[in-house]
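**Student:** Give me a 3D structure for the following:
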Amino acid sequence: MVKRNYARLLLPLLVIIALLLMLVRLGLWQLERAGYKQDYLERLAQRQTVSLSTLPTSQNVELNKQAVNLTGTLLHDYTLLLDNVVEQGVVGYQVLVPMQLSESSQQLVLVNLGWVKANLNRDVLPQLSQWSGELQVEGYIHQPSDNPFLSVEPQLLGWPKIIGEVDFSVVETWLHAEKQQQILYPAIVRVKASQPIGYSKQWRWVNGMTVAKHHGYAVQWFALALTLFILSVHFFRRTLRRGHEAN
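**Tutor:** Residues are numbered from 1 along each chain as shown. Next comes the predicted model:
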């Protein structure tokens, strides 16, 4: 009878062991992803601040979060509103304004001034501020990736233009139509949160979950594994005890 009880528990035991290994592995994977993203962010933070003019103009060069400084004039008449940007569960826009660099009258760069909340009536655009005169701006290079789920058609008439993603060739064409012989830098400068100009500037530099979320999910997986282990021990001890008492 005792041998029969052990044989009957063999399959549940193997299933529980497999589940425990899976849960632990998921927790370790989350920690691995968190470590990778943390290392990436630390390496980015160690980059020295440089002038934008010293950086290559190829989109194939990794420049994300390269700290830069630039001096120029914001062309608020040609503002772009990047649509469907969610901040703390609220939908809004990121405000992109071309800056004409003082050191090169033919060079424009899109400056991301941050996030503003969208109106409930999407036909009504948010009220935007303007910063005039020559400005000295510190920020970080951002090279946006293509959005395969793009659902917002660009607004072709008038300014500001609402866009779903930044296509530098399209934006440069628009600006050429307004300001002749202008060259658009193929990356965006996100204004530092410490700068006095701009709106809400809570930048995210890694795709998907943050480092903190990875740690949170790892804790959840390990907690599930621990809970399963404790319940399994309790179950097997009680089952074996009943088997001995029946004998």
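**Student:** so what's the closest residue to residue 113 other than its chain neighbours up against?
**Tutor:** Using C-beta to C-beta, 6 or more residues apart in numbering and skipping residues adjacent in sequence, the residue nearest residue 113 is residue 198, 4.0 Å away. Where C-beta positions appear, they are placed from N, C-alpha and C, glycine not excepted. By C-beta atoms under 8 Å, 6 or more residues apart in numbering, the contact set of residue 198 is 95, 113-114, 191.
**Student:** Mean pLDDT per helix and strand in this protein: which one sits at the bottom?
**Tutor:** strand 50-51 (a mean of 76; mean pLDDT, DSSP states H and E).
**Student:** From the contacts of residue 198, pick the one nearest residue 212.
**Tutor:** Using C-beta to C-beta, residue 114 is the member of the contacts of residue 198 that lies nearest residue 212, at 21.6 Å.
**Student:** How much space separates that closest one from residue 211?
**Tutor:** Using C-beta to C-beta, to the nearest Å, we find residue 114 at a distance of 22 Å from residue 211.
**Student:** same check, this time on residue 194
**Tutor:** Distance, residue 194 to residue 211, using C-beta to C-beta: 21 Å.
**Student:** Quick check: which element contains the spatially closest residue to residue 50 that is not a sequence neighbour?
**Tutor:** Excluding the flanking residues, the one nearest residue 50 by C-beta to C-beta, 6+ apart is residue 68, at 6.0 Å. Element membership of residue 68 [criterion: DSSP states H and E] is strand 67-74.
**Student:** Now do the helix or strand following that strand: everything it contacts.
**Tutor:** Scanning forward in sequence from strand 67-74 by DSSP H and E, the next helix or strand is strand 80-87. Strand 80-87 has contacts (C-beta under 8 Å, 6+ apart) with 91-97, 110, 115, 118, 125, 151-152, 160-166, 171, 200, 202.
**Student:** Going by neighbour count, which residues of strand 80-87 are buried?
**Tutor:** 80-85, 87 (16 or more other C-beta atoms under 10 Å).
**Student:** Now render those as CSV, adding distance to residue 38.
**Tutor:** Below are the buried residues of strand 80-87 laid out as CSV (distance: C-beta to C-beta, whole Å):
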residue, distance to residue 38
80, 32
81, 32
82, 27
83, 31
84, 28
85, 24
87, 23
